[in-house]
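In: sequence? don't have it. structure:
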Ligand code: SF4
């Protein structure tokens, strides 16, 4: 039976706690600042400074785990304006990577708050984001179309539709999983830059030019170490799936955990050094040096340095990571076209592809299958 009730939070409280919600701007109706006021007036100095603090904190820690100084004690209107200024400034920035990284941190903070909120607040946030969630004694019901929209970018095996419980056209998920879906909805919303008119863009980028330059310096940049030709790797011989994973990270887009695992395991098998593998993730919007080092170490140091076996093609396909039919967003014709070698019936593994194309791989011991795919003597 549905247990949905109206939210106990006022619009003002909701707009302050979840400034990304449509309609949250109503919180500043009485102040009614113009865009120019917000960008230049001394009256809004504090809002702008708090907005910069939101950005700085997110760029340094995209996990959303670091509190923004002075944000909790700020008035709701100030909190909202600081959010709006941060979003405007990053929408006007000359590169997209800071906006993406900030969106990850804000989405994680928002979903963390909603995950711990009363059920009526949880459902209200979902409703205002445009998702008709229903609370039941068993969990949260998510309309099928909403589920597909939110779960597709996550692309974790556990979120695949075939693994979900369906109830009359809706997907039943546990509350923590519903919060993760909302996190994705928030991230997708905030990753879209606001339309900023030319005069406002100029005022933003010129008024905060030093701050933006510092932000761009702080955003971890994707490494070109793989393509330098100085190591054993031959990136132009990589299979389409691995090339696509690298492109995603280099352009500051998200790569699923299954993709991150596959890429690290593949690069390790190709002879990349530990630091080279870590560098491959620097463009990820949520890149964290210590977490990445820990995860790469886990993947590459298993069994005394043998490491996990990269997943085979069938496994990558099941995770939506195979691009043998071409990547429509690829930069070159070769990326967009179907790959003949990938369509050969004998081709079963990305490492096998790489070896056939002339890449060298590190030989492995027997019985070393990884968690996402088993070893094969034919690679
Ligand atoms: S067929 Fe295999 S090697 Fe080719 S893109 Fe798909 S997963 Fe990668």
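Out: Thanks, I have it. Because the structure is a prediction, the values reported are computed rather than measured. Numbering: from 1, shown residues only.
In: In the chain, what helix or strand scores lowest on average pLDDT?
Out: helix 302-305 (a mean of 74; mean pLDDT, DSSP states H and E).
In: buried set for it?
Out: residue 302 (16 or more other Cβ atoms under 10 Å). Placement of C-beta: from N, CA and C, glycine included.
In: can you check stretch 265-274 too?
Out: So for stretch 265-274, counting by 16+ other Cβ under 10 Å, buried means 265, 266, 267, 268, 269, 270, 272.
In: quick one: average confidence on that stretch?
Out: For stretch 265-274, mean pLDDT rounds to 92.
In: how far does that stretch stretch from start to finish?
Out: 11 Å (Cα to Cα, to the nearest Å).
In: all strands for the stretch 1-150 of the chain, in order.
Out: 134-135, 140-143 (DSSP state E, counting those that start in this stretch).
In: I'd like those as CSV, with mean neighbour count and mean pLDDT appended.
Out: Output for the strands of the stretch 1-150 of the chain, formatted as CSV (neighbours: other Cβ atoms under 10 Å; pLDDT from 0 to 100):
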stretch, mean neighbour count, mean pLDDT
strand 134-135, 19, 94
strand 140-143, 22, 96
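In: Quick check: residues of the stretch 201-350 of the chain near the ligand?
Out: Contact residues (Cβ under 6 Å from any ligand atom) of the stretch 201-350 of the chain with the ligand: 239, 240, 241, 313, 316, 322, 323, 324, 339, 342, 347, 350.
In: Tally up the residues packed near the third one, please.
Out: Translated: residue 241. 26 (other Cβ atoms under 10 Å).
In: The fourth one too?
Out: The number of residues packed near residue 313 is 20, by other Cβ under 10 Å.
In: Correct me if wrong: it contacts residue 346.
Out: No: Residue 313 sits out of contact with residue 346 when judged by Cβ atoms under 8 Å, with a separation of 10.9 Å.
In: contacting residues for residue 79?
Out: 16, 19, 50, 71 (Cβ atoms under 8 Å, 6 or more residues apart in numbering).
In: let's see 6 Å
Out: Listed by Cβ atoms under 6 Å, 6 or more residues apart in numbering, the contact set of residue 79 reads residue 16.
In: picking that back up, of the residues of the stretch 201-350 of the chain next to the ligand, which is the nearest to residue 77?
Out: residue 323 (47.1 Å; Cβ to Cβ).
In: Shouldn't that closest one be within a strand?
Out: No: counting by DSSP: H, G, I helix; E, B strand; the rest coil, residue 323 is not part of a strand but coil.
In: Find the nearest non-adjacent residue to it, please.
Out: residue 240 (4.2 Å; Cβ to Cβ, 6 or more residues apart in numbering).
In: same question, residue 37
Out: residue 44 (6.2 Å).
In: thought the one you found was touching residue 38?
Out: Yes: with contacts counted by Cβ atoms under 6 Å, residue 44 reaches residue 38, the gap being 5.2 Å.
In: Need the overlap of contacts for those two.
Out: With Cβ under 6 Å, 6+ apart, residue 44 and residue 38 have no common neighbours.
In: follow-up on the earlier one: in the next helix or strand along the chain from the least confident helix or strand of the chain, what counts as buried?
Out: Using DSSP states H and E, the helix or strand that follows helix 302-305 in sequence is helix 313-318. For helix 313-318, the neighbour count (16+ other Cβ under 10 Å) marks 313, 315, 316, 318 as buried.
In: Fine by me, we can end here.
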